[in-house]
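**Student:** Sequence unavailable; structure follows:
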DNA sequence: GTCTATAGGTTGATAGAC
DNA sequence: GTCTATCAACCTATAGAC
């Protein structure tokens, strides 16, 4: 049994190495431009060997994207759980942004690869992925609903549009973020202040 | 002279047709996945014929991207010029967003193709393009500077970070915008209200 | 599990006829 | 100006040795 577990564990570890290599290459090149040879190279194997672990390029991309959204959501949830009891519903949204953005900006090959691949991926893959991503959308939707119900968001706002605009600000940030400037937390602070009271508050 | 102008004009017109076809295909497929055969098809010619008008795929992409930023900036400027004298410096920013976003969301093959291609394009092309895009960045930077100088943006804010976050919200919108929902103007109104007084103002 | 070898297809680009 | 034909390079995926 011990032996079995060890054999299994090695295979699982190699699979993870392949997936991480795929995320890194997909992140840098996007879906179409990334080649299986590059991915295999990054994982220290030959292109043909990848097929022992994954069915092909599409399956590899889908696995990366699945983990990308999962990790982003987990980071957002973890940040919410770190809040103390004094937090109001806007604090919850800002905390979710904080966890989400921090993950996106520091070593997040999976999530950034996911964002970059979304439009390039074959239809079947994209369709399946968007379904999974909708769960993440609902997670954020609930946070905004609660803030409105608590009277912290004016009824003027369309919560769906607001959510997409703000998530867009987050999703685009890997395109321009520079470690030498403001930190991820600083960025969220800017965003939080704007949400609380606008540019002049 | 008339004859010359007409001959010239036909060639120019064909070149424009090729460029528009390239923008359409690049927008849908991104840089790497788009093939010259698809572009030629969309322009009603054979792949080899493209080389009469452009030096190759990279040159085609660069021409699309140049026009993409130019059109976006022109739309933003035009919207500012339509403001009346009562407008304050925040109105100017919101107007720029309005022109920019409206262009981005309605038949803007060039600008959306530009956004999608940025990360995929070969280094030489990207480097040259980012230089041109910086001018657009400075344009927005000036608008924010003026709003701060007028006392309409609290010194708390880092104007560069703020600008990138908000432009990110715009740039990401083609990913999710749906004609059946809110209009581009509605979206800008949401953004404007948030900038003025926050979510609860 | 991982390799080598290769099939089968597509790509960007060029040459030359018309 | 536009076409056809073609090249060399590269791709994904598969087959079979080890």
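**Tutor:** Received it, and whenever you're ready, just let me know what you need. Computed from a predicted model, the values in this text were never measured in an experiment.
**Student:** From residue A:73, how far out is the closest residue to residue A:99 other than its chain neighbours?
**Tutor:** Residue nearest to residue A:99 in three dimensions, not counting chain neighbours: residue A:79, with 2.8 Å by Cβ to Cβ, 6 or more residues apart in numbering or on different chains. Every C-beta, even on glycine, is put in place using the N, C-alpha and C of the backbone. Distance of residue A:79 to residue A:73, computed by Cβ to Cβ, to the nearest Å: 11 Å.
**Student:** Common neighbours of the two, please.
**Tutor:** Common neighbours of residue A:79 and residue A:73, counting by Cβ atoms under 8 Å, 6 or more residues apart in numbering or on different chains, are absent.
**Student:** and residue A:121, helix, strand or coil?
**Tutor:** Assigned by DSSP: H, G, I helix; E, B strand; the rest coil, the conformation of residue A:121 is coil.
**Student:** Kindly report the same for the one 5 residues further on.
**Tutor:** For residue A:126, the reduced secondary structure class is helix; criterion used: three-state DSSP.
**Student:** what residues are up against residue A:96?
**Tutor:** A:76-77, A:79-80, A:140, A:143.
**Student:** Any idea which helix or strand in chain A has the lowest mean pLDDT?
**Tutor:** Lowest by mean pLDDT, DSSP states H and E among the helices and strands of chain A is helix A:2-33, with a mean of 87.
**Student:** So what touches stretch A:178-197?
**Tutor:** A:90, A:93-94, A:97-98, A:101-102, A:104-106, A:166, A:169, A:173, A:177, A:201, B:154, B:156-158, B:160-162, B:165, B:194-195, B:197-201.
**Student:** Kindly report the same for stretch A:48-68.
**Tutor:** Taking Cβ under 8 Å, 6+ apart as the rule, stretch A:48-68 contacts A:14-15, A:18-19, A:22-23, A:26, A:31, A:36, A:39-40, A:43, A:108, A:110-115, A:117-118, A:121-122, A:124-125, A:128-129, A:132.
**Student:** Likewise for stretch A:21-39?
**Tutor:** So stretch A:21-39 is contacted by A:18, A:40, A:42-43, A:47, A:50, A:57, A:60-61, A:63-64, A:67-68, A:109-110, A:112-113, A:116-117, A:120-121, B:29-33, B:119-120 (Cβ under 8 Å, 6+ apart).
**Student:** Now list the buried members of the residues you listed.
**Tutor:** A:18, A:40, A:42-43, A:50, A:57, A:60-61, A:63-64, A:67-68, A:109-110, A:112-113, A:116-117, A:120-121, B:29-33, B:119-120 (16 or more other Cβ atoms under 10 Å in any protein chain shown).
**Student:** Among the residues you listed, which ones lie close to DNA strand C?
**Tutor:** Contacts with DNA strand C within the buried ones among the contacts of stretch A:21-39, counted by Cβ under 7 Å from any atom of the strand: residue A:40.
**Student:** Show me where chain A dips below the pLDDT cut-off.
**Tutor:** A:1-8 (pLDDT under 70).
**Student:** can you list the residues of it near DNA strand C?
**Tutor:** Counting by Cβ under 7 Å from any atom of the strand, the residues of chain A that sit close to DNA strand C are A:7-8, A:10-11, A:14, A:40, A:44-49, A:52-53.
**Student:** Quick check: of the residues you listed, which lies closest to residue B:86?
**Tutor:** residue A:40 (63.0 Å; Cβ to Cβ).
**Student:** distance of that closest one from residue A:17?
**Tutor:** Counting by Cβ to Cβ - residue A:40 and residue A:17 are separated by 11 Å.
**Student:** With residue A:56 instead?
**Tutor:** 18 Å.
**Student:** Which one of the two is surrounded by more residues?
**Tutor:** Neighbour comparison, residue A:56 and residue A:17: the larger count goes to residue A:17, with 15 against 10 (by other Cβ atoms under 10 Å in any protein chain shown).
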